[in-house]
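Enquirer: Just the structure for this:
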Amino acid sequence: MKQTYFTLFLFFLFSSLHAQYSEVKLDFESSYIGENNPLPSEQNLLFSGSIPSYVDRIEFQILPSRGKKQRDPLHTAVWVRPLGNEDATYSLPVNYKLRPSAQYDIRVEFFTAVEPAQREQLINRSLERLLLYLDSQQEPNARGVEWNKRPKRLIEGMQELMEEDLADYRPQPGAFSELVRLRLEKMEELKVRKDSSSQSALMQEKALLTQLLQSELPGLLPERMYRLADQRYLEDCPAESKKGMLSINAGYGGVYLSGDFGEDFHYDSAPYVGLSFPLGNQAFAPRFFSNTYLGFGVFLDNLESANGKERSGPVIGRPIYASLDYKLFQFVYLNAGATLLEDSRERGQGSVLLVRPFLGLSAKINLSLSFDR
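Expert: Okay, here's the model as predicted:
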């Protein structure tokens, strides 16, 4: 009988099916997601749909619902059209699991590719704006150039100006090099007198700064740029509710019965079945807690002691166990816990309850539970 149980356990152990993504439909023309149903929760999502041919980049942001106006996204996913691809569809994995019964705001931004001539115009316009900004930061001084801010702060201001001007473009501009700061410091150190040579030196420094910015800007604005063409903002999108989770586990394990490690050490083994509950939500809890279950159940056979005496359990006539179950791989779990045994005394003198440790392997089937309201 035990051999049959063990064979069935092995058969159950090595069969599984695991889904990685839950697909959600979101077309360019849509003002709602899918069929206006709740979004899948506790799963990674795969958004897909139809888009116009001019859409070359999609940014998808999940935000907390009804928060402050300027909110950091909980997650951002980006799709970029591959070179040579002219399909009218997209497919975007979103590796973020939504919490059951929660609500989220979703922002979807559609971008179109910037042509080389348009990029050149952006570079020229940025150069003009940066030079105007630097002119506004100079104090009149007969001895030379005096900045309103330290060169490091000037660089920060230039960066903010670029990011504001290019807020609707992707990728965002890169950072200026250390050479720009050094050039600003050198201009500030230049002492200008009324003679023509000093004035010429100042003009030369300004020309060198302009040339430096001209050489850096093409590197700050990548060759492949995208401009915002359209966007959607979907408020209070609900995530589907989830039923409670209960697991049925079946396994095979050994129970220590008596003796020390050595020749008099004695144990017996038997199959067992039981129920278990997760210590944490697998989608959100730390790995240890999401992989650990609290279980209890019953051994299907009684155990045999060293003297050949049968050890059963209280109430139902079979050994009862409680355990902590830890996931090893797929749905295979290591079970470690305690077994409650009943030892009948001779001549009708009643029985004694014994607690003995056990160790085993089990496989689990997860069941969804809902309760009547």
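Enquirer: so what secondary structure elements neighbour the biggest helix by length in the chain?
Expert: For the chain, the helix with the greatest residue count under DSSP state H is helix 196-220. Using 3 or more C-beta pairs under 8 Å, 6 or more residues apart in numbering; DSSP states H and E as the contact criterion, the elements in contact with helix 196-220 are helix 116-136, helix 178-189. For the C-beta atoms, the positions are set from N, CA and C on the backbone; glycine is no exception.
Enquirer: what's the spacing between it and its chain's center?
Expert: For helix 196-220, the gap between its own C-alpha mean and the chain's C-alpha mean amounts to 46 Å (C-alpha atoms, centre = their mean, to the nearest Å).
Enquirer: What's the mean pLDDT across it?
Expert: Averaging pLDDT along helix 196-220 yields 83.
Enquirer: So which bits of that helix are buried?
Expert: The neighbour-count check on helix 196-220 (16 or more other C-beta atoms under 10 Å) flags A201, E205, K206, L209, L212, L213, E216, L217, L220 as buried.
Enquirer: which residues of the stretch 151-300 of the chain fall in strands?
Expert: Along the stretch 151-300 of the chain, the segments classed as strands by DSSP state E, counting those that start in this stretch run 169-170, 226-238, 244-258, 266-278, 292-299.
Enquirer: residues making contact with the first one?
Expert: This means strand 169-170. When contacts are defined by C-beta atoms under 8 Å, 6 or more residues apart in numbering, strand 169-170 is touched by residues R57, E59, F111, V114, L122, M225, Y226, R227, L228.
Enquirer: what's the answer for the second one, then?
Expert: With C-beta under 8 Å, 6+ apart as the contact definition, strand 226-238 has outside contacts at 28, 30-33, 38-39, 54-57, 65-66, 101-114, 118, 168-170.
Enquirer: how big is the angle separating the longest helix of the chain from helix 116-136?
Expert: Relative orientation of helix 196-220 with respect to helix 116-136: 140 degrees, computed using axes from the mean of the first three to the mean of the last three C-alpha atoms, to 10 degrees.
Enquirer: Give me the neighbour count for the residue nearest to G34 when sequence neighbours are not counted.
Expert: Nearest residue to G34, sequence neighbours excluded (C-beta to C-beta, 6 or more residues apart in numbering): K25, at 4.8 Å. Residues near K25, counting by other C-beta atoms under 10 Å, number 13.
Enquirer: Run through the bridge partners of K25.
Expert: Using DSSP bridges, the bridge partners assigned to K25 are S48.
Enquirer: Contacts only, for it.
Expert: Counting by C-beta under 8 Å, 6+ apart, K25 touches I33, G34, E35, F47, S48, G49.
Enquirer: Show the buried residues in these.
Expert: Burial of these was assessed by neighbour count (16+ other C-beta under 10 Å); the buried members are I33, G34, F47, S48, G49.
Enquirer: I'd like the distance between the closest residue to the first one other than its chain neighbours and I58.
Expert: If the residues on either side of it in the chain are set aside, I33 comes closest to L26, at 5.3 Å by C-beta to C-beta, 6+ apart. L26 sits 9 Å away from I58 when distances are taken as C-beta to C-beta, to the nearest Å.
Enquirer: And for A88?
Expert: Applying C-beta to C-beta, the value for A88 to I58 is 13 Å.
Enquirer: before we move on, what about P93?
Expert: Using C-beta to C-beta, P93 is found at 12 Å from I58.
Enquirer: More neighbours: which of these two?
Expert: Set side by side, P93 and I58 show unequal neighbour counts under other C-beta under 10 Å, the larger going to I58 at 22 against 15.
Enquirer: in the sheet, who's paired with the more buried one?
Expert: Going by DSSP bridges, I58 forms beta bridges with W79, F110.
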